[in-house]
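Undergrad: Mind looking at a prediction? Sequence and model below.
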2 protein chains.
Amino acid sequence: MIKNRLVKNAKKIDKFLINYLKKQEYSLLINPMKYGVISGGKKIRSTIIFDVGKIFKLNQNKLINICAAVECIHSYSLIHDDLPCMDNDSIRRGKPSAHIKFGEASAVLAGNSLLTLAFEIIADKNYLINSKLKNEIIKSLAFCSGHTGIAGGQELDLKFENKKKNLKQIVRMQKKKTGKLFSFCFYAVAVMAKKNIKEKNALSNLGDEIGLLFQLADDFLDIKGSKKLIGKSIKKDNKKGKSTLINLIGYEKTYKYADNLKKNILLKLAKHGKNAKDLINTIEFILGRNF
Amino acid sequence: MIKNRLVKNAKKIDKFLINYLKKQEYSLLINPMKYGVISGGKKIRSTIIFDVGKIFKLNQNKLINICAAVECIHSYSLIHDDLPCMDNDSIRRGKPSAHIKFGEASAVLAGNSLLTLAFEIIADKNYLINSKLKNEIIKSLAFCSGHTGIAGGQELDLKFENKKKNLKQIVRMQKKKTGKLFSFCFYAVAVMAKKNIKEKNALSNLGDEIGLLFQLADDFLDIKGSKKLIGKSIKKDNKKGKSTLINLIGYEKTYKYADNLKKNILLKLAKHGKNAKDLINTIEFILGRNF
């Protein structure tokens, strides 16, 4: 059932993005952009936005632009992370990475265009939400995507390679690289639900933690998974000297750390009662693949 | 006098950006970002925004966030254009290009972060303009920067290398690659001045044309200039098989084309009377370097 929900939501976002791009002037970059953002991915972040929206009884139609924007940002970051000068990965979602398929320059430009498209989709005049809330969402998306978020996290990740880093440093890096976009998913919904600053920050921190948990789950998968199963190269973290908690404190201790984090997250979500049921199911389902 | 005005405006924008970044969380990318956007450039686009603002009697303080955002976008595009997978230029503004100085990955990420910062600066809650106008400006900035603008223009530029392209195709490419950001400068001020859609589009088209004219002036400089004078590698367009009007129809005919374009632009600006004096001076000054 949860699997169906994920598939249904992903299709909804794909459809939105296809229609959005169809209305725009044609450009040579549309193909590599679509290759990056349409189909293939589970679009977990969109389902999380819908699920958090459910807690606050927000209609999906009011959130769909935020979902589409987040998927654009996520796809941009994957396209750029795979570049030869970054993680140099040639497979993504079971297919050749964008730079393998379209060349490096087009991959960089398609990534940039998806990043830009995210802001366009939220600022769009046909997205009928209060202008002030829209501004606040755009500001937060920028904060979570730039040097204070995803891009800054990726820079730390690369700089940490083959260096001895402590737990605090690795957690900080992973919260930036992966956590910040999840944090945005929660924050944006809180803005839409007109929550006060304290509540917005609490939800935002919860997003950070969920992002970290997903990153740890991904690290477990990197150790255990098969290439066929996850559609990307595995055991690369170790080969590349990536700074992961597993490489620092070992599998068992990381598992325990992640398990505690998960319990803590579920405890916080329990406060929202049965409205958080879908969100909890989504988190359990995603983690279920790995631990 | 016009030179002083350019220097004064550039300093104002530098100061704004330095203060803005100072208030943000520190990240490793701040240095390459500053390297790209602070000092060195003439910040022509900012002066143009102020000059257009003068036509409509808009205070510089209401426009400074737009200027800073435009300079972030411009710098991001230069950092990425210089990458080995793009134009592979090792000198920019008389200094080593960002990827030479900081490495390719940091240059890509710093570029991305400047792109993101542009949206953050406009969406900022301390930028006290009407939220609806703010969203319209953000939408336009995204449209002019992404696959429908700068990024799309750069893709065409690369795809046109060593190919036979006609005048219409080259003009279209250059209007996207260089024109669109100038077009944004005019459009954003028109939004701030609450002009109607017809006036906004007319100003936007004028920006497109001025951008094309500057691009042609840059192409003349590429032929005539010395490395010391312009601080970047010259005569590269020809070596690289770039599609320029000069390569297509020759220097003389391009000069005539540009001269007609300039006359046309000045005629349109004359309609705004003495309020457009600064803008005309700025355009003449910039072109004066080359033709």
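TA: The structure has been received and is ready for your questions.

Undergrad: Shouldn't A:His147 be within a strand?
TA: No - assessed by DSSP: H, G, I helix; E, B strand; the rest coil, A:His147 does not belong to a strand; its assignment is coil.

Undergrad: remind me, longest helix of chain A?
TA: Using DSSP state H, we find that the single longest helix of chain A is helix A:197-224.

Undergrad: Check which helices and strands the helix or strand hosting A:Lys8 sits against.
TA: Secondary structure assigned from DSSP states H and E places A:Lys8 in helix A:2-22. Under the contact criterion of 3 or more CB pairs under 8 Å, 6 or more residues apart in numbering or on different chains; DSSP states H and E, helix A:2-22 touches helix A:30-37, helix A:44-55, helix A:60-81, helix A:277-288. For glycine as for every other residue, the C-beta is placed from the backbone atoms N, C-alpha and C.

Undergrad: Need the mean per-residue confidence for it.
TA: Mean pLDDT, computed over helix A:2-22, is 95.

Undergrad: what angle sits between that helix and helix A:277-288?
TA: Angle, helix A:2-22 to helix A:277-288, by axes from the mean of the first three to the mean of the last three CA atoms, to 10 degrees: 100 degrees.

Undergrad: what's in contact with helix A:2-22?
TA: By CB atoms under 8 Å, 6 or more residues apart in numbering or on different chains, the residues outside helix A:2-22 that reach it are A:30, A:33-34, A:37-39, A:41-44, A:46-47, A:50, A:60, A:64-65, A:67-68, A:71-72, A:117, A:121, A:278, A:281-282, A:285.

Undergrad: what would the helices and strands packed on helix A:2-22 look like in a markdown table with mean pLDDT and distance to chain B?
TA: Output for the helices and strands packed on helix A:2-22, formatted as a markdown table (pLDDT from 0 to 100; distance: least, CB to the nearest CB, whole Å):
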| stretch | mean pLDDT | distance to chain B |
| --- | --- | --- |
| helix A:30-37 | 97 | 6 |
| helix A:44-55 | 97 | 17 |
| helix A:60-81 | 98 | 6 |
| helix A:277-288 | 91 | 27 |
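
Undergrad: now those in JSON lines, with mean neighbour count?
TA: As requested, the helices and strands packed on helix A:2-22 are exported to JSON lines (neighbours: other CB atoms under 10 Å in any protein chain shown):
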{"stretch": "helix A:30-37", "mean neighbour count": "23"}
{"stretch": "helix A:44-55", "mean neighbour count": "25"}
{"stretch": "helix A:60-81", "mean neighbour count": "24"}
{"stretch": "helix A:277-288", "mean neighbour count": "17"}
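
Undergrad: will you turn those into TSV that also has distance to B:Asp81?
TA: Shown next, in TSV, are those (distance: least, CB to CB, whole Å):
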stretch	distance to B:Asp81
helix A:30-37	18
helix A:44-55	31
helix A:60-81	16
helix A:277-288	39
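
Undergrad: Hey, what's the angle from the helix holding A:Lys8 to helix A:44-55? Just curious.
TA: Going by the same axes, to 10 degrees, helix A:2-22 is angled at 110 degrees with respect to helix A:44-55.

Undergrad: so where's chain A uncertain?
TA: Within chain A, the segments meeting pLDDT under 70 span A:225-239, A:289-291.

Undergrad: one more time with 90
TA: For chain A, the stretches flagged by pLDDT under 90 are A:1-3, A:39-41, A:93, A:217-243, A:247, A:251, A:285-291.

Undergrad: which ones are touching the nearest residue to A:Thr244 once chain neighbours are set aside?
TA: Of all residues not flanking A:Thr244 in the chain, A:Asp219 sits nearest, at 4.9 Å (CB to CB, 6 or more residues apart in numbering or on different chains). Contacts for A:Asp219 (CB under 8 Å, 6+ apart) come out as A:Asp237, A:Thr244, A:Leu245, A:Ile246, A:Thr254.

Undergrad: Can you tell me which of those lies closest to chain B?
TA: A:Asp237 (16.8 Å; CB to the nearest CB).

Undergrad: Tell me which residue of the stretch 151-291 of chain A lies closest to chain B.
TA: Residue of the stretch 151-291 of chain A nearest chain B, by CB to the nearest CB: A:Gly152 (4.1 Å).

Undergrad: Assign that residue to helix, strand or coil.
TA: helix.

Undergrad: Then A:Leu58?
TA: Quick answer, by three-state DSSP: A:Leu58 is coil.

Undergrad: Count the residues that sit near the residue lying closest to it once chain neighbours are set aside.
TA: Nearest residue to A:Leu58, sequence neighbours excluded (CB to CB, 6+ apart): A:Met192, at 5.7 Å. When neighbours are defined as other CB atoms under 10 Å in any protein chain shown, A:Met192 has 23 of them.

Undergrad: now do A:Glu104
TA: Other residues within reach of A:Glu104, judged by other CB under 10 Å, total 17.

Undergrad: Kindly report the same for the one 4 residues further on.
TA: Counted with other CB under 10 Å, the neighbours of A:Val108 add up to 27.

Undergrad: shouldn't A:Asp278 be in contact with A:Asp51?
TA: Yes - the criterion here is CB atoms under 8 Å, and A:Asp278 meets it with A:Asp51 at 4.5 Å.

Undergrad: tell me, what's touching the two both at once?
TA: Common neighbours of A:Asp278 and A:Asp51, counting by CB under 8 Å, 6+ apart, are absent.

Undergrad: Convert the C-alpha atoms of the helix holding A:Lys8 to CSV, please.
TA: Output in CSV follows, covering the C-alpha atoms of helix A:2-22 (Å, rounded to 0.1, in the frame of the first residue of the first chain):
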residue,chain,number,x,y,z
ILE,A,2,2.7,2.4,0.9
LYS,A,3,4.6,1.3,-2.2
ASN,A,4,1.5,2.2,-4.3
ARG,A,5,1.4,5.6,-2.6
LEU,A,6,5.0,6.3,-3.5
VAL,A,7,4.5,5.2,-7.1
LYS,A,8,1.3,7.3,-7.3
ASN,A,9,2.9,10.4,-5.9
ALA,A,10,6.0,10.0,-8.1
LYS,A,11,3.7,9.8,-11.2
LYS,A,12,1.9,12.9,-10.1
ILE,A,13,5.1,14.9,-9.8
ASP,A,14,6.4,13.5,-13.1
LYS,A,15,3.2,14.6,-14.8
PHE,A,16,3.4,18.0,-13.3
LEU,A,17,7.0,18.5,-14.4
ILE,A,18,6.3,17.2,-17.9
ASN,A,19,3.4,19.6,-18.3
TYR,A,20,5.5,22.4,-16.8
LEU,A,21,8.3,21.9,-19.3
LYS,A,22,5.9,21.5,-22.2
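
Undergrad: I'd like the distance from that helix to the chain centre, please.
TA: Taking CA atoms, centre = their mean, to the nearest Å, the mean C-alpha location of helix A:2-22 is offset from the chain mean by 16 Å.

Undergrad: Which parts of it count as buried, going by neighbours?
TA: Across helix A:2-22, burial judged by 16 or more other CB atoms under 10 Å in any protein chain shown covers A:Arg5, A:Leu6, A:Asn9, A:Ala10, A:Lys12, A:Ile13, A:Asp14, A:Phe16, A:Leu17, A:Tyr20, A:Leu21.

Undergrad: got those residues as TSV, with distance to B:Asn162 columns?
TA: As requested, those are exported to TSV (distance: CB to CB, whole Å):
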residue	distance to B:Asn162
A:Arg5	50
A:Leu6	46
A:Asn9	45
A:Ala10	41
A:Lys12	43
A:Ile13	39
A:Asp14	37
A:Phe16	39
A:Leu17	34
A:Tyr20	34
A:Leu21	29
